[in-house]
Every structure is written in structure tokens, then in C-alpha cells.
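Trainee: Build me a structure from this.
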Amino acid sequence: MAQPLVKKDDDRDDEAEYSPFLGIEKGAVLQEARVFNDPQLDARRCSQVITKLLYLLNQGETFTKVEATEVFFSVTKLFQSRDIGLRRMVYLIIKELSPSADEVIIVTSSLMKDMNSRTDMYRANAIRVLCRITDGTLLTQIERYLKQAIVDKNPVVASAALVSGIHLLQTNPEIVKRWSNEVQEAIQSRAALVQFHALALLHQIRQNDRLAVSKLVTSLTKGTVRSPLAQCLLIRYTSQVIRESGVNTQTGDRPFYDYLEGCLRHKAEMVIFEAARAITELSGVTTRELTPAITVLQLFLSSSKPVLRFAAVRTLNKVAMTHPMAVTNCNIDMESLISDQNRSIATLAITTLLKTGNESSVDRLMKQITNFMSDIADEFKIVVVEAIRSLCLKFPLKYRSLMNFLSNILREEGGFEYKKAIVDSIVILIRDIPDAKESGLLHLCEFIEDCEFTYLSTQILHFLGNEGPKTSDPSKYIRYIYNRVILENATVRASAVSTLAKFGAMIDSLKPRIFILLRRCLFDNDDEVRDRATLYLNTLGGDGSVVETDKDVKEFLFGSLDIPLTNMETSLKNYNPSEEPFDIDSVPKEVKSQPLAEKKAPGKKPTGLGAPPTVPTSAADAYERLLSSIPEFASFGKLFKSSAPVELTEAETEYAVNVVKHIFDRHVVFHYNCTNTIQEQLLENVSVIVDASEAEEFSEVGSKPLKSLPYDTPGQTFVAFEKPEGVPAVGKFSNMLRFTVKEVDPSTGEAEDDGVEDEYQLEDFEVVAADYMVKVGVSNFRNAWESMVPDFERIDEYGLGPRESLAESVNTVINLLGMQPCEGTEVVPTNSRSHSCLLSGLYIGNVKVLVRLSFGIDASKEVAMKLAVRSEDENGLLAYHKKPMKKKPMKMECPHHGLTPNKLNFIVIIELSALSNRLYDIYQNITGSKELLKTLEDEYEIDDADNGASFFFGSRGASGRGSTGGSAAGFHALNKQRAELLGGARE
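Mentor: Okay, here's the model as predicted:
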């Protein structure tokens, strides 16, 4: 008897589940299998035994060779039974047992007899079993029967042959490909399943021939496919052809789009949905193309069938990630789904609304979600929490209501993953929205008052110790922290002691009160808590006096460890206990080079308490301490920025070397991390000879060679250069590793006295403009922009030439500038013809810089860019505003001349003149130019196309724009200037 359908969310814990196969054992079932040998066969009894055998096989039970052979021979005797139900079970067990080649011969004759039987059920199942257990030699003998079966009038037989062909295509493709004519004929069948299976097989036969697939789709989209299942399959194949063919560059139309749009009016719901989903997943889909699909999905939202509602809301949820405005018309329908009985539908509706909603609808959504959250499982709650976090980052001014919502659900019942997701979200909001810090910290303090998870309590206390002392009233957090010392387990108590000590070290006025609390911890029954309290009291000065904590003490207690943890772990493992104590100074401080990390998908960055800050502060501090400890570099001042390691050797070479660029105000230090990978060699007097002939503004002022580089032990050598103060000088550097090689005896590990001088060529690297900019985000870009005086603002336009896409142009410029994208503007919608991007950063000299980028792209993939920059300092503004467009990786080559000037400061003007040249040609021949000129009008707010052309043909330098009084005159003047510059560049 069929069991009733049960919803996923229904509570079934109280129901007693019963399985008819509960407790069965293989040995007992094999004993029962002896009934197959009875002279008088009991068909019902035999079917039950075969069912048990199939259950054991599907549960992963393995039969020995002897057991499987015995069962197989016993089953073959059941062919003498005329019971149709038993015969079907026999076919199933033969397929599952997968007999060997010798055993197959025994049943082949019986199966071939069934394949030619007058009973269609026998024929269909015999075909499936034969094709499953036979090899290529037997297949050629039955090929004629299979071809006949494909065009058989009985749809069950035809489908069995077609499905068998799909499976055989994996093992015997040459035989199956000879069936193309029969399969083509089967596509015209009136039976739905036959047409579906025939189309699937024919596509697999031709899938490696793009032209053949295109012809197949072209012939079938004219209306010969009637089966809804085959129609869905055809829609998928059509989408594949569209993806591979792209958009017609002349008309802007997509091939077969009309067919997809026509399927939206099909009478079968599955076809309508498949077509709508295919349209939404087209690459570069436009709003005009999306509209009919969105309309159909909107109708599905009000369907009485849960499966249609779920399919529609899930598709709209995906569309909202790239085209949120296109989904806003469905918001009213989705709001009604928040109370849907199916929790999956309700969750998707909520998350979609959070993606498409505007700032004014946030409060209304929060009221609806509040009642909804108590009815769903934790896995759905986590999805909602992540959507709310994204919404808060999108609308920072709404942080109060969203933060209050997160704090309310944090107090409710829930599992660890759910609570961790909420805490992570609050931590991210505190980091990214400065105004939310104090209220967020209080919410976390209230949570740890009744937190059942030790991990979350310790993490929150650690975060509180870092951020609490920086608030306006740090004393209000002391009560919450000390409560943990009284009420929690030893792990949380130890963490609370450390947090109290941080407040005492950072806030001098709180020291007396902190000392009283720490002294009480001296009597704790856990040794870790007592030891921490003793350490902090002695180090901070436990006499109770209000004195400023020494910088060295703060660094010792709470600063980052200046020794890599991996090196510390290795040294401790190698330490042999003796009378001499372990010397921490013996631990090497060199940072061992790491392989370049794999690229990750956008939007998958670490979040929450485990996420690293934008700049790895611990690494920067370690670098600064390391450089200041070297006498040659101690006078360089404060380190501004350290780059990520740049690999100078390929993987698995004799020597592994990477370089870290340390930027100071007047100096640049190249920090080479070297590793010797040859066990039989010892390198001495290791240094890097740097050729700065292509970096004219740099002059070498010092170096620090490495005395010895044993096998597999990281070492460091440094080279320092002087540059003009406060100037982002750029250049290319060639490198040669120079050293003395000494052979090492593998048995004793001792090196020979005599060595040979040798050199090893390293890869070149560059100092680029982005090295002088630190990524620093702002929570509210508009306020930050308006707070800067317009006096320090520059605006320019640039032609970036032909590009693959607008997104590629945006990413290239962001990487070139080395700044932090704000408010998610680094994401470019796939069908966008224009885009704006907001960037912020800290320029060398700690000068805050904000940039607004506006991009436009025409039908020929030509990209124009408008750049507006504001800074707190005019020097930082001028220097950085010019430099980004000069950086070589941007490859702004003149498309007409293919010239990359050595004098990089010509590039901007050359590109502008090249763009002017192209625009002037268009201006002279208006045909086909409306699209580009319309883009220029929208991008630069020009009244008409004529003014747009005049604007671009006007004379301008690299730092501004002007006018030469007319379009053609301006063009010729600029062209003359370009010719002079090109001549200088060639020289």
C-alpha cells in the first residue's frame, strides 16, 4: 500500500516507522532462495525472495563470487514460469547481479527468445537486460532486432530500445551511431516518451558536432515536437546553441529567441517554466528579453500547485541577484507567499524580497519576517540571516532596525550554526558600519549573558576586547565581562580574564577597578585562569596606581606574535629537553614563502568572526618590526604598505624565491624570501643583484645579504632603493640571485669547505601605482564624498579601447588603481551598457582618496570611462589621479597604431586622441552612430548628439577638458598634438 506524501517540515518523530525488510540477513535470504529450485514454483514466494535480494544489493551488501553464481543459476530456472510479475522480477535481479561473460551465455538464448516474443512486456524488458549485460560481440548479433525495436509501434518497446541505446553509447558508440536514421524516424512518433527518448539519444549521438546540433535544433523548432517532455529537452538544447552562437552583431537579435518566447504560450506548464528559466539564464540578457519570462513566472506565483510556486520563486530569486529591478513587479505576489505552508517557498520569497526591496520597504519586511522566523527550521533561518546582512550593507542607514531584528532572534532558541550566523552578521555590520559599533557590542554582551555555546562566548569576548576600549564609554562593558568570570566554565573564564586585562591596558582610568577584579581571579579553581590573572597583574603593575601602560607591555600582552606560528611549532617539536631552557630567539623569523592561493568565486569571501580584516594587520606589524630591527633600514620611518608576495620562480624549481615590496615615504625595500630545495647543497653569501635601469626614479641605497641558506629552511635578503618623497614612482626591476654553492654530504650533513660561485636568473617584477594605495572602505560613500571640499577634485574622461565586456573593464581599472570598491559597485549587471563604480583608499602619506568611475560601452565593444577623484590633499590628488592611467598592465594601446609608448605619460592623451578619431569618423557619417552617441549623452549628461560629438572633439589635456571652438577644428588640433606626441614616443 502506498504511503501518503509527507512534507519535509512535518514532525515525524512520534511516528513509529516500520520496514518490511527490518532485520533481514544475507544468509537467511540465500537459504530462502532455494525455493527457485522447487519443482512446483510459487510465483508470489519467489517474487518476495527476489525483492529481499534486490534490497540487500541496493543497501550495499556484497555477494561473494560463489554466492552470486548460485543465485544467478537458480534465477535462470524461473524463466519456465509464465507469471508476468515474476518474470519482471527476474529481469531486475539479472541486471543487478551483473553476471560474467561465461554466465551471460546461459541466459542469452532465453532473453533473445523473449525479445521476439508476442508479449510486449517481455520484449521491452528483455531488450533492457540484454543491452545491460552483453558485450560488443553479442551486440552486433542483436543490432538488427534493436533497430526494429526503435521503430516498433508499441511505445514501451521503442522507449526500451532508445534508453538502451543511450546507455550503450557510453561503451559502444560506433554501433549506436549507425542507428541515426531509425532514431530520426522515432522522433516523429506520436508517443510522448518515445519522442523524448529519441531526441535525447539523437542529441547525444551528435553532441560533439556543433553544426549538427544546430541543424537538429533548427529543424525541430519549426513545430514537429509535440511531447511536453521532448519540448523541455529541446528548449535546453536550444539554450546551448544560443550560448555558443552569441548575439547577432548587426541586428542585436539572438538566434532562436523567438522560439523560446513562443514556448511561454505553450499549454503545458512544464514547457512554459522551462522556457522562462532558459530565458532568464541567457548570458547578457536584456530587460526587454526578460520581461515576458518574468510575467509568466509572476503568474506561477499565484498558482494553486506548490511545485509551480516553488519553481517560480526559486527562479526569480536567481534573477534578483543580477537584475533586481526586473523582479520588483513581482514583490506584491511574493509578499503573499511569506505565509505559504511550504517553508521552502516562504524562505525563497523572503530572501528575494530582501534583494529587490528598496530602503522604504525595509521596515515593513522586518515586521513580516518576525512572525515568519519562528515557524521555519534553522537551515532556512540561516539563509534569511545572510540575506538581512546583505540588505543592511546595502542600506547602511537602516542598521538600527536590522540590528534590532538580529538581536531579537539571537535570544530565541536555535542551534550552533544558526547562532553563529547571527553573531557573524552582527560582527560584520560593526566592522563595516561605524555607527553600529556601540549598539552591536551591547547586543553581543546581552547574548553572552545566556549563551550555551563556549566557542561563541570566547569569540565574542575576544572581539569585545579589541573593539570595546575604542568606544565612547568602555566601562559599561566591564559588568558583562566579569559576569563570565563568575558564571561560566573554565574556558570562558580564561577568555574573560584576558578581555578584562585588555581594557586595563588600553584605558588607564579603569586600571584600579580592573586590578580588583583580576585579584579575585587569583583564587579561581582552574590553573589557566589563575595563571592569566597573575601574568596580567604583574605585567600591568598591580599596585593599583593610575599610570600609562608602557607601549612594550601592550605589545607583549596583546600584540601579534612576531614569529610565524609554523616556525614556532617546528622549533618546539625539534627541542630536546635539557638543562638549557628553550630560547625563543632561536626560532627563525623568516616568513616561508607560500604558493599562490587559488582564485575563489566572487561573493565567497570569509565572513564573521573568522574573517581576516581587509589588510592583514598581523603580517603588516610583523614586517614593520622586522624591518625596524635591521640597522640599515631603521631610519626609513614608518612602513606605509607591504604588498602580497610576488613569485619570481616557477613551482618545483631548484630555488624558490618571492618578493614582498615594502613602501616607505622616501624608500622602497624589496624583501626576497628564498628557499633552497636541493638537499645536497648549502648556499652561502646569498644576495639578489637588482637592475633598475628601467626604473629611472629609483636609486639603490643599501642591501642585506643572507649568510647561509640550508636545505628547506627559509631565508631572507633585502635590497633598498630611494625614490622622490611622496611620489608614486613606478618602474621595472630585473633580478639575479647570486650565491656560493657548497656540496653537502648526505650521510653526515656537513658541507665542504670549498664552494663555487653561481647565479640564478629570477623573473622581473614591477613597482606599480597600486603599490602606493591601501584599500580602506567607507560605510557611507556619499557622506564621505560630500565631506571633502570640491577644491581638491579632478574629473577626466578616457577611452579604454575595445574590451571583452564592461565587467572586464571595471575589474581591470579597480585592480589598476588598487582601491577598495564600496557598496558592492564592483559587480556589473550582465546586460548593462553603462555602470558606475565607487572606490576608496588611503594614498601614501595617509591621504584619503575617493574615486567615482563611470563606464559606457557601445555595440562595437568600445569602452569610454569618466573618472572623478576627490582627496584630502592636493598632492595626493594630482599624483594618483594621473598615475593609474599610466600603468602598463592596463595595456591601453592605441588600436590604430598598435603602439605602447615607453613614456607612459603619453598614453592618456594618445588614447583620447584615438577615441576622438573614431568619434569624428562616426560624426562625419551618422549612419549607425546613434547608439554610441546616445550612450555618450546618457553618460556625460549632454543635451544632444551634436554637442556630444563637439564635446569629444574639443581639445583637452590629460588633466581636464576645454574647447577649440568647433568639432572638425578641435579634432584637427588634437590630431596634430597626437602626431607630435607619437613622434616623441617613437623616439
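
Trainee: How about the secondary structure of T740?
Mentor: strand (DSSP: H, G, I helix; E, B strand; the rest coil).

Trainee: what's the burial count for the closest residue in space to it that isn't next to it in sequence?
Mentor: Counting by Cβ to Cβ, 6 or more residues apart in numbering, the nearest residue to T740 once its immediate chain neighbours are dropped is G755, at 4.1 Å. Using the backbone N, CA and C atoms, a C-beta is placed for each residue, glycine as well. Applying other Cβ atoms under 10 Å, we find 17 other residues in the vicinity of G755.

Trainee: now S109
Mentor: Around S109 there are 10 other residues, counting by other Cβ under 10 Å.

Trainee: Where does it fall, secondary structure wise?
Mentor: Taking DSSP states H and E as the definition, S109 sits inside helix 101-115.

Trainee: Show me what counts as buried in that helix.
Mentor: Taking 16 or more other Cβ atoms under 10 Å as the basis for neighbour counts, the residues of helix 101-115 that come out buried are 103-104, 107-108, 110-112, 114-115.

Trainee: what helices or strands is the helix or strand that contains P292 leaning on?
Mentor: Using DSSP H and E, P292 sits in helix 287-301. Judged by 3 or more Cβ pairs under 8 Å, 6 or more residues apart in numbering; DSSP states H and E, helix 287-301 is in contact with helix 269-280, helix 306-322, helix 324-327, helix 331-336.

Trainee: Out of the ones you listed, flag the one nearest E872.
Mentor: Taking Cβ to Cβ as the criterion, E872 comes closest to helix 324-327 out of the helices and strands packed on helix 287-301, the separation being 34.2 Å.

Trainee: what pLDDT, on average, does the closest one get?
Mentor: Here helix 324-327 scores 83 as its mean pLDDT.

Trainee: re the thing from before, let's see the helix holding S109 as PDB, backbone CA atoms only.
Mentor: Output for helix 101-115, consisting of C-alpha atoms alone and laid out as PDB, is shown next (Å, rounded to 0.1, in the frame of the first residue of the first chain):
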ATOM      1  CA  ALA A 101      30.800 -13.300 -19.700                       C
ATOM      2  CA  ASP A 102      30.600 -17.100 -19.100                       C
ATOM      3  CA  GLU A 103      27.300 -16.800 -17.300                       C
ATOM      4  CA  VAL A 104      25.700 -14.400 -19.800                       C
ATOM      5  CA  ILE A 105      25.700 -17.200 -22.400                       C
ATOM      6  CA  ILE A 106      23.300 -19.200 -20.300                       C
ATOM      7  CA  VAL A 107      20.500 -16.500 -20.300                       C
ATOM      8  CA  THR A 108      21.200 -15.100 -23.700                       C
ATOM      9  CA  SER A 109      19.000 -17.600 -25.600                       C
ATOM     10  CA  SER A 110      16.200 -17.000 -23.100                       C
ATOM     11  CA  LEU A 111      16.400 -13.300 -23.400                       C
ATOM     12  CA  MET A 112      16.600 -13.300 -27.200                       C
ATOM     13  CA  LYS A 113      13.600 -15.600 -27.300                       C
ATOM     14  CA  ASP A 114      11.700 -13.000 -25.100                       C
ATOM     15  CA  MET A 115      12.900 -10.200 -27.300                       C
END
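
Trainee: On the C-terminal side of that helix, identify the next helix or strand.
Mentor: Heading C-terminal from helix 101-115, the first helix or strand you meet, by DSSP H and E, is helix 120-133.

Trainee: how about the CA coordinates for that next one, as PDB?
Mentor: Listed in PDB are the C-alpha atoms of helix 120-133, where the atom choice follows Å, rounded to 0.1, in the frame of the first residue of the first chain:
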ATOM      1  CA  ASP A 120       5.300  -6.600 -25.500                       C
ATOM      2  CA  MET A 121       6.300  -6.500 -21.800                       C
ATOM      3  CA  TYR A 122       8.700  -9.400 -22.300                       C
ATOM      4  CA  ARG A 123      10.200  -7.700 -25.400                       C
ATOM      5  CA  ALA A 124      10.800  -4.400 -23.700                       C
ATOM      6  CA  ASN A 125      12.400  -5.800 -20.600                       C
ATOM      7  CA  ALA A 126      14.500  -8.400 -22.500                       C
ATOM      8  CA  ILE A 127      16.000  -5.500 -24.600                       C
ATOM      9  CA  ARG A 128      16.900  -3.600 -21.500                       C
ATOM     10  CA  VAL A 129      18.600  -6.600 -19.800                       C
ATOM     11  CA  LEU A 130      20.400  -7.800 -22.900                       C
ATOM     12  CA  CYS A 131      21.900  -4.400 -23.600                       C
ATOM     13  CA  ARG A 132      22.900  -4.100 -19.900                       C
ATOM     14  CA  ILE A 133      24.800  -7.500 -19.700                       C
END
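
Trainee: average model confidence for the very next helix or strand once past it?
Mentor: For helix 120-133, the following helix or strand on the C-terminal side (DSSP H and E) is helix 136-150. Averaging pLDDT along helix 136-150 yields 83.

Trainee: What residues sit buried inside the following helix or strand past helix 136-150?
Mentor: Using DSSP H and E, the helix or strand that follows helix 136-150 towards the C-terminus is helix 155-168. Applying a neighbour-count criterion of 16+ other Cβ under 10 Å, one finds 155-165, 168 buried in helix 155-168.

Trainee: and helix 155-168, how far out from the chain's middle?
Mentor: Once both centres are worked out by Cα atoms, centre = their mean, to the nearest Å, helix 155-168 turns out to sit 41 Å from its chain's centre.

Trainee: again, but for stretch 326-338
Mentor: Taking mean C-alpha positions (Cα atoms, centre = their mean), stretch 326-338 and its chain are 28 Å apart.

Trainee: Can you give the contact residues for that stretch?
Mentor: Judged by Cβ atoms under 8 Å, 6 or more residues apart in numbering, the contacts made with stretch 326-338 from elsewhere in the structure are 287, 290-291, 294, 297-298, 301-302, 309, 313, 316, 319-320, 345-346, 349-350, 352-353, 355-357, 361, 368-369, 372.

Trainee: Could you give me the PyMOL selection string for whichever of those residues are buried?
Mentor: Buried members of the contacts of stretch 326-338 can be picked out in PyMOL with the line below, counting by 16+ other Cβ under 10 Å:
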select buried, resi 290+294+297+298+301+309+313+316+319+320+345+346+349+350+352+353+355+356+357+369+372
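
Trainee: The helix or strand harbouring I205 packs against which elements?
Mentor: Taking DSSP H and E as the criterion, the element that holds I205 is helix 192-206. Contact here means 3+ Cβ pairs under 8 Å, 6+ apart; on that basis helix 192-206 packs against helix 155-168, helix 180-187, helix 210-220, helix 228-245.

Trainee: Kindly compare burial across the ones you listed and name the winner.
Mentor: Among the helices and strands packed on helix 192-206, ranked by average contacts under mean count of other Cβ atoms under 10 Å, first place goes to helix 155-168 (a mean of 23).
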